[in-house]
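Peer 1: Here is a sequence with its predicted model. Questions after.
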Amino acid sequence: MAVNLKINSLEYEKSLKLNNIFKEDLQQIVYNISVENKVEYNVENDVEDNVENKVEHGIENDIDICRICFCENDDEDNSLISPCLCKGTQKYIHVNCLNEWRNVNINNPEKRDNCEICKFNFIIHRGLDLSYYKVKNWFYLIVYRYMFITWLSFAYGAIDYSYDFFTIKVLNFNVFEKCQILKFFKNMKKSLDNGDNFINIILYFLFIFSFLHFIVYLFLVLKILFKRKNIQNIEYNIKVYKPTLILKIQQSSFLFFYYFGLMIDDFNFFICILPLIFLMNMIYYDIYIKKTNIILDNLISEETIFSFEENPLLDIQIVE
């Protein structure tokens with residue numbers, strides 16, 4: 001049923017289920033009006049009630065106190081908030097006092113997330129769940145990954161071999177036709193066709209394996225960076241900046257040494273350094289995952305309990 005609500009002189013249109021009005025819909029209304037519209041509540045209507053309650057407890061009229069510790073301290077780190085519909089001396093509570101109470105009752109959602117007096121469900125904004133951004137890199141995953149790369153190397157290598165080493169031609173932008181790397185593999189193919197020099201096929205497989213290793217780990221790194229780009233946490237971004245920069249440099253080492261070997265036209269240099277390249281890529285990727293996962297574990301996902309200082313729901317009317 002669509003009705004117009006008047007909350008402290010502000011009209012708000014909302015479709016409500018009247019049998020569930022105080023459990024769900026009004027909390028959203030509180031959020032919309034108190035946070036977005038910043039409703040100003042006229043506390044003059046509550047003066048008499050506040051005076052009676054404060055006099056009863058021997059408290060001066062103009063002092064707001066915490067209903068748990070009975071202190072009036074209200075600083076930036078531990079401010080007094082009004083998280084529910086309670087009035088009078090029960091209206092205010094320190095953020096730290098409320099959080100301590102909620103921690104004590106962490107296994108009791110009824111007490112943890114609701115006011116015990118007015119039964120209002122605290123409106124809580126929970127920060128980003130950083131555990132979602134953790135990456136699994138278990139040992140069996142590493143084994144499966146290298147089994148996949150090995151199988152793919154045989155299949156891809158057979159295709160590349162039959163098409164006259166198109167991988168090298170692509171890496172060379174189809175320009176450096178007379179480079180030592182391409183000459184070596186073409187001579188290898190001729191010798192294999194004559195039934196000689198099968199040892200060179202191991203070097204060719206090493207090249208293909210290293211190339212596919214670079215492609216697979218490049219995909220994994222980009223996947224992680226794309227997934228974690230939404231983390232709006234300054235502490236995290238500062239701590240992972242340097243490891244991420246090193247990871248990017250490390251994962252691009254295959255291309256760096258390939259083109260370096262192409263410039264000096266020395267195939268022996270490149271083929272000798274290939275095992276070190278993919279070994280270092282594997283090790284640092286694993287180090288990066290473990291280090292960043294620990295950083296994510298140590299970061300506390302922020303949680304904010306909205307304070308409705310003026311309790312806008314205390315003066316609610318249905319407008320015809």
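Peer 2: That came through, no problem. Numbers count the residues shown, from 1 in each chain.
Peer 1: Only C-alpha atoms from now on, for both contacts and neighbour counts.
Peer 2: Fine.
Peer 1: Not counting sequence-adjacent ones, nearest residue to residue 243?
Peer 2: Once flanking residues are discounted, residue 243 sits nearest to residue 288: 6.6 Å by CA to CA, 6 or more residues apart in numbering.
Peer 1: From residue 208, how far off is the one you found?
Peer 2: 25 Å (CA to CA, to the nearest Å).
Peer 1: higher neighbour count, these two?
Peer 2: Between residue 288 and residue 208, counting by other CA atoms under 10 Å, residue 208 is the more crowded of the two (23 against 16).
Peer 1: I figured that one was touching residue 155, is that so?
Peer 2: No. The criterion here is CA atoms under 8 Å, and residue 208 misses it with residue 155 at 10.2 Å.
Peer 1: Could you list the low-pLDDT ranges of the protein?
Peer 2: Counting by pLDDT under 70, the chain has low-confidence residues at 1-62, 73-74, 76, 126-129, 193-197, 300-303, 309-320.
Peer 1: 50 instead, please
Peer 2: 1-3, 5-25, 36-48, 50-51, 54-55, 57-60, 311-312, 314-320 (pLDDT under 50).
Peer 1: counting contacts, what elements does the lengthiest helix in it pack onto?
Peer 2: Determined from DSSP state H, the single longest helix within the chain is helix 267-298. If contacts are counted by 3 or more CA pairs under 8 Å, 6 or more residues apart in numbering; DSSP states H and E, helix 267-298 sits against helix 180-193, helix 200-228, helix 234-251, helix 253-264.
Peer 1: Same list (these) but as CSV, adding distance to residue 89.
Peer 2: Below are those laid out as CSV (distance: least, CA to CA, whole Å):
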stretch, distance to residue 89
helix 180-193, 83
helix 200-228, 45
helix 234-251, 39
helix 253-264, 66
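Peer 1: Of all these, which one is nearest residue 296?
Peer 2: helix 234-251 (7.4 Å; CA to CA).
Peer 1: and residue 153, that one's in a helix?
Peer 2: Yes. Counting by DSSP: H, G, I helix; E, B strand; the rest coil, residue 153 is found in a helix.
Peer 1: residues touching the nearest residue to it once chain neighbours are set aside, list them.
Peer 2: The shortest distance from residue 153 to any non-neighbouring residue, by CA to CA, 6+ apart, is to residue 209 (5.3 Å). The contact partners of residue 209, by CA atoms under 8 Å, 6 or more residues apart in numbering, come to 149, 150, 153.
Peer 1: Please tell me how far residue 209 sits from residue 155.
Peer 2: 11 Å.
Peer 1: buried residues in the longest helix of the chain?
Peer 2: 267, 270-271, 274, 277-278, 281-282, 284-285, 288-289, 292-293, 295-296 (16 or more other CA atoms under 10 Å).
Peer 1: tilt between that helix and helix 234-251?
Peer 2: 160 degrees (axes from the mean of the first three to the mean of the last three CA atoms, to 10 degrees).
Peer 1: I'd like the distance from helix 267-298 to the chain centre, please.
Peer 2: Offset of helix 267-298 from its chain centre (CA atoms, centre = their mean, to the nearest Å): 23 Å.
Peer 1: Just the CA atoms of stretch 158-178, as CSV, please.
Peer 2: Output in CSV follows, covering the C-alpha atoms of stretch 158-178 (Å, rounded to 0.1, in the frame of the first residue of the first chain):
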residue,chain,number,x,y,z
ALA,A,158,53.2,-29.1,-32.2
ILE,A,159,51.0,-26.4,-33.8
ASP,A,160,53.8,-23.8,-33.6
TYR,A,161,56.3,-26.3,-35.1
SER,A,162,54.0,-27.2,-38.0
TYR,A,163,53.4,-23.5,-38.8
ASP,A,164,57.1,-22.7,-39.0
PHE,A,165,57.5,-21.1,-35.6
PHE,A,166,54.8,-18.4,-35.8
THR,A,167,55.3,-17.6,-32.1
ILE,A,168,58.7,-16.1,-32.7
LYS,A,169,57.5,-14.3,-35.8
VAL,A,170,54.7,-12.7,-33.8
LEU,A,171,57.2,-11.7,-31.0
ASN,A,172,59.5,-10.3,-33.7
PHE,A,173,56.6,-8.4,-35.3
ASN,A,174,57.4,-10.3,-38.4
VAL,A,175,60.4,-8.0,-39.0
PHE,A,176,63.5,-9.8,-37.7
GLU,A,177,63.6,-12.8,-40.1
LYS,A,178,67.3,-13.3,-39.8
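Peer 1: Give me the buried stretch members for it, please.
Peer 2: So for stretch 158-178, counting by 16+ other CA under 10 Å, buried means 160, 165, 167, 168, 172.
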